[in-house]
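Novice: 3D model of this:
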Amino acid sequence: MRAAPQGTARDRKATDNATVRTVFLIGPDKRIKAMFTYPMSTGRNFDEVLRVLDSIQLTAKHKVATPVNWRPGNDVIIAPSVSEEEAKTQFPGGWKAPKPYLRIVQQPK
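Specialist: Just a heads-up that it's a prediction; the model follows:
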């Protein structure tokens, strides 16, 4: 364990204080949807924050999930909570199903 920094605040650096910064994404339902925590020595990745925000908004509106490394416009996954009947109504163009539990569809508009 590291010893506590000595001296005044002017003598310390951000790395001495072990400061972290957290970005919270809060939904309209007032619930935290995502948190990103960065050490003070690391810059925040706003491209990733915006990607996650786009994903959260899309999944809330269309009952889909976004796969790893998803970008707006890429295919998405129909949420497992969506029944086959509901999926046929919501996605009339059909979907690819490489596994029974994995239904891949074009991103809804």
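Novice: Strands along the chain, start to end?
Specialist: Counting by DSSP state E, the chain has strands at residues 20-26, 32-39, 64-65, 76-78, 96-99, 102-105.
Novice: Let's have those strands in TSV, adding mean pLDDT.
Specialist: Putting the strands of the chain into TSV (pLDDT from 0 to 100) gives the following:
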stretch	mean pLDDT
strand 20-26	90
strand 32-39	92
strand 64-65	96
strand 76-78	97
strand 96-99	95
strand 102-105	96
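Novice: Next, count neighbours for Arg103.
Specialist: 21 (other C-beta atoms under 10 Å). All C-beta atoms are positioned from the backbone trio N, CA, C, and that covers glycine.
Novice: Who is the residue nearest to it when sequence neighbours are not counted paired with across the strands?
Specialist: Closest residue in space to Arg103, ignoring its immediate chain neighbours: Ile78 at 4.0 Å, by C-beta to C-beta, 6 or more residues apart in numbering. Bridge pairing for Ile78 (DSSP bridges) gives the partners Val64.
Novice: residues in contact with the longest helix seen in the chain?
Specialist: Assignment by DSSP state H gives helix 46-62 as the longest helix of the chain. With contacts defined as C-beta atoms under 8 Å, 6 or more residues apart in numbering, helix 46-62 is touched by 23, 25, 27, 33-34, 36, 64-66, 70-72, 76, 79, 90, 107-108.
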